[in-house]
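**Q** Coordinates only, no sequence provided:
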Ligand SMILES: C[S@@+](CC[C@H](N)C(=O)[O-])C[C@H]1O[C@@H](n2cnc3c(N)ncnc32)[C@H](O)[C@@H]1O
């Protein structure tokens, strides 16, 4: 499968790449406890029909399948769903959400994580998603913010400066080349209110990680490979990228993760 979408802006990461397995594993290790806590809070129950937009590695789609059981159904929609394992009550659809929700009917719960931030047409898609919610249904959206990844321990001041240079280039590069917008994370709450959702609430999260072989360190390493083109388009050299990768492997280096905001809102019954 490939990740192409005609002449539209291209998704910055590629699920077809070898590194995408580590990317998905890293995201799931950091975020799944937060996401499943939020989905528990809104009540994903037996018999429900759920939409998982941009399932990536598929862990949340599978968590929902377990909750909705054989009487329920989960639809997982992704540009490239190659990492999503099948399940009896899971319908996997390869589609670009910019063409609309590719299945008929409404949903009890719609969840999407780190997908809309990558799509310039995110505001139009929000309207489509709200229309696809059943009255009383919940929408849950998780996104990373543009907050700098704070250095906690460093082998030297130069390392700290390099860390910030590369991460700033990463954020700017995917914005310029791929139409991503990390500031979207701050707008989700208000956008839900503008679309008439109620009980809108968000939580903010971060945690530290150590350089070395841990999954977060490996994910920052592989991100720098997957996003080498946008990073270099902002003036980072190959030598600096190599130094950045070495930092993620250095146990003397510690930093915070990408800050994450998880927002939920409910469609009124009438
Ligand atoms: C950064 S990954 C996040 C994966 C997963 N939601 C997670 O948080 O672990 C973004 C996912 O959204 C999918 N995606 C990006 N743009 C899309 C689009 N226009 N339509 C459907 N899926 C899209 C990608 O293929 C990828 O699987």
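**A** Here it is on my side, so go on. Computed from a prediction, not measured in an experiment: that's the story for all the values here.

**Q** What average pLDDT does stretch 169-181 get?
**A** Over the span of stretch 169-181, the pLDDT mean works out to 96.

**Q** show me where this structure has helices.
**A** Using DSSP state H, the helices found in the chain span residues 20-42, 59-68, 122-131, 157-178, 184-194, 215-226, 228-232, 238-248.

**Q** what's the closest of these to residue 53?
**A** Closest to residue 53 of the helices of the chain is helix 122-131 (C-beta to C-beta; 7.4 Å). Using the backbone N, CA and C atoms, a C-beta is placed for each residue, glycine as well.

**Q** Tell me how confident the model is about stretch 41-58, as a mean pLDDT.
**A** In the prediction, stretch 41-58 has an average pLDDT of 98.

**Q** Off-centre distance for that stretch?
**A** 15 Å (C-alpha atoms, centre = their mean, to the nearest Å).

**Q** wait, does that stretch make contact with the ligand?
**A** Yes. Using C-beta under 6 Å from any ligand atom, stretch 41-58 reaches the ligand at 54, 55, 56, 57.

**Q** ok, now stretch 182-194?
**A** No. Stretch 182-194 does not reach the ligand (C-beta under 6 Å from any ligand atom); its nearest approach is 12.1 Å.

**Q** Count the neighbours of the residue of the stretch 51-200 of the chain at minimum distance from the ligand for me.
**A** Of all residues in the stretch 51-200 of the chain, the one sitting closest to the ligand is residue 56 (2.3 Å; C-beta to the nearest ligand atom). Close neighbours of residue 56, defined as other C-beta atoms under 10 Å, add up to 24.

**Q** which residues touch it?
**A** 15, 23, 24, 27, 28, 78, 83, 113, 114 (C-beta atoms under 8 Å, 6 or more residues apart in numbering).

**Q** Let me see the backbone angles for it.
**A** Here the main-chain torsion angles of residue 56 (degrees, to the nearest 10) amount to phi 60, psi -110.

**Q** Tell me the spacing between it and residue 162.
**A** As for residue 56, its distance to residue 162 is 29 Å (criterion: C-beta to C-beta, to the nearest Å).

**Q** now residue 238
**A** 13 Å.

**Q** between those two, what contacts are shared?
**A** Joint contacts of residue 238 and residue 162 (C-beta under 8 Å, 6+ apart) do not exist.

**Q** Give me the more crowded residue out of the two.
**A** residue 162 (19 against 9).
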